[in-house]
Each structure stands twice: as structure tokens, then as C-alpha cells.
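Enquirer: need a structure here:
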Amino acid sequence: QVQLVESGGGLVQAGGSLRLSCAASGRMFSRYAMGWFRQAPGKEREFVAAISRSGDTSYVDSVKGRFTISRDNAKNTVYLQMNSLKLEDTAVYYCAADMTGRYIAPRELYAYDYWGQGTQVTVSS
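Expert: Predicted structure coming up:
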């Protein structure tokens, strides 16, 4: 079983930046695709970004050019650098692990096997 622990959320003004981290347990992290999702109040959880085991990335259109997903396999950690934050980025952010070992960066919730507990990101005006 894989445990995922997110950190780095908080309150930031519009236009500011935050970096989220997600630390994973286990020794097979380099084989996982990792994803970030978010869920705003009253809305469904949505895809934000993903990175494959080979480093290929995928983003939802609304964050392209502002968010960057990266991974450090030596630290079993995936990051989400968020710049130029907007009010609509306010949500609970979740990281997720796809353990199938595929060389893709999945955008679908059902592709992921394990989820973290989430970290709150609040963007104020």
C-alpha cells in the first residue's frame, strides 16, 4: 500500500505563488505516474496536472503556463509549482499515484490507485 502526504497549501493573494509537495511511501515511486487534482466547494474533483514515470507531463488548459508539475524520484516526491494564482484556483488539492507502470500521464480520476488526504489552497483578492 502506498501512502501519499501533501503539504505546502495555504492562503495566498491573487498573483502569488505556492509550491505543493506530495511525499510517497514505498520503493517503487519511480515507476508510478503521479497526478494532481483539485476540488472546489460544491464542485467535482478535477484533473490539474500529471507526470508519467518518464517525465512526460499533461495539464488542464486553465493552468497551462502557470503551473508546473515535477518529480524527484530520489526523494519519492512530486511537486506542483503554482504561479500567477487566481481566485478560481481555490480548492483542496490532492495528489494521486497510478501504479500500473504505464508510460503515460493519466488525466482520468479512475486511472489512479492511491490518493492523499488533500491540502487546502485559498487564493484571496
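
Enquirer: May I have the distance across stretch 106-125, first residue to last?
Expert: Length of stretch 106-125, first residue to last, CA to CA, to the nearest Å: 32 Å.

Enquirer: Buried residues of that stretch, list them for me.
Expert: Residues 106-107, 111-112, 114-116, 118-119, 121, 123 are the ones in stretch 106-125 that count as buried (16 or more other CB atoms under 10 Å). Glycine gets a C-beta too; all of them are placed from N, C-alpha and C.

Enquirer: I'd like the average pLDDT over it.
Expert: Computed over stretch 106-125, the mean pLDDT rounds to 97.

Enquirer: same question, stretch 60-67
Expert: 98.

Enquirer: what's the average pLDDT for stretch 38-48?
Expert: The pLDDT scores in stretch 38-48 average 97.

Enquirer: which parts of that stretch are buried?
Expert: Buried-residue list, stretch 38-48, by 16+ other CB under 10 Å: 38, 45, 47-48.
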